[in-house]
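K.L.:
sequence first, predicted model second:
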Amino acid sequence: MTTAIDTLQLYERFKAANLDERAAKEIAEALREITENNLVTRQYRDIRLAELKADIIKWVAGMLVAQAAVIAALVKLIG
């Protein structure tokens, strides 16, 4: 999962803004690294949310079964 960033276009824009060549290269490269390491795609986010939702449903269903078993045991002890 990578987010494409056009470092050449960034470099050219920085050069057009009168940044020296070395600074323009460094800034463009830093932005590429940041986006590759810290941003997620919409598709990846949606997949992870679906997995999380499925896990939550499993936990809730399990807890409902456990709760019903505890209540049934208490009713049996009391009655």
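P.N.:
Thanks, I have it. Numbers count the residues shown, from 1 in each chain.
K.L.:
any idea how many residues pack against residue 14?
P.N.:
Per other C-beta atoms under 10 Å, the neighbour tally for residue 14 reads 19. Using the backbone N, CA and C atoms, a C-beta is placed for each residue, glycine as well.
K.L.:
what helix or strand is it on?
P.N.:
helix 7-16 (DSSP states H and E).
K.L.:
ok, residue 35 - how many residues close by?
P.N.:
Around residue 35 there are 13 residues (other C-beta under 10 Å).
K.L.:
contacting residues for the closest residue to residue 7 other than its chain neighbours?
P.N.:
In this structure, residue 7 finds its nearest non-sequential neighbour in residue 28, 4.3 Å apart by C-beta to C-beta, 6 or more residues apart in numbering. With contact taken as C-beta atoms under 8 Å, 6 or more residues apart in numbering, residue 28 is in contact with 7-8, 10-11, 14.
K.L.:
can you give me the pLDDT of residue 28?
P.N.:
Per-residue pLDDT puts residue 28 at 90.
K.L.:
which element is it on?
P.N.:
Using DSSP H and E, residue 28 sits within helix 21-38.
K.L.:
between that helix and helix 7-16, how many degrees?
P.N.:
Interaxial angle, helix 21-38 versus helix 7-16 (axes from the mean of the first three to the mean of the last three C-alpha atoms, to 10 degrees): 140 degrees.
K.L.:
distance between helix 21-38 and the chain's centre?
P.N.:
In terms of C-alpha atoms, centre = their mean, to the nearest Å, the centre of helix 21-38 is set 21 Å apart from its chain centre.
K.L.:
right, and the helix or strand after that helix?
P.N.:
Scanning forward in sequence from helix 21-38 by DSSP H and E, the next helix or strand is helix 42-78.
K.L.:
list the helices and strands that next one packs on?
P.N.:
Here helix 42-78 is seen to pack against no other helix or strand when contacts are counted using 3 or more C-beta pairs under 8 Å, 6 or more residues apart in numbering; DSSP states H and E.
K.L.:
give the rounded mean pLDDT of it.
P.N.:
When pLDDT is averaged along helix 42-78, the result is 95.
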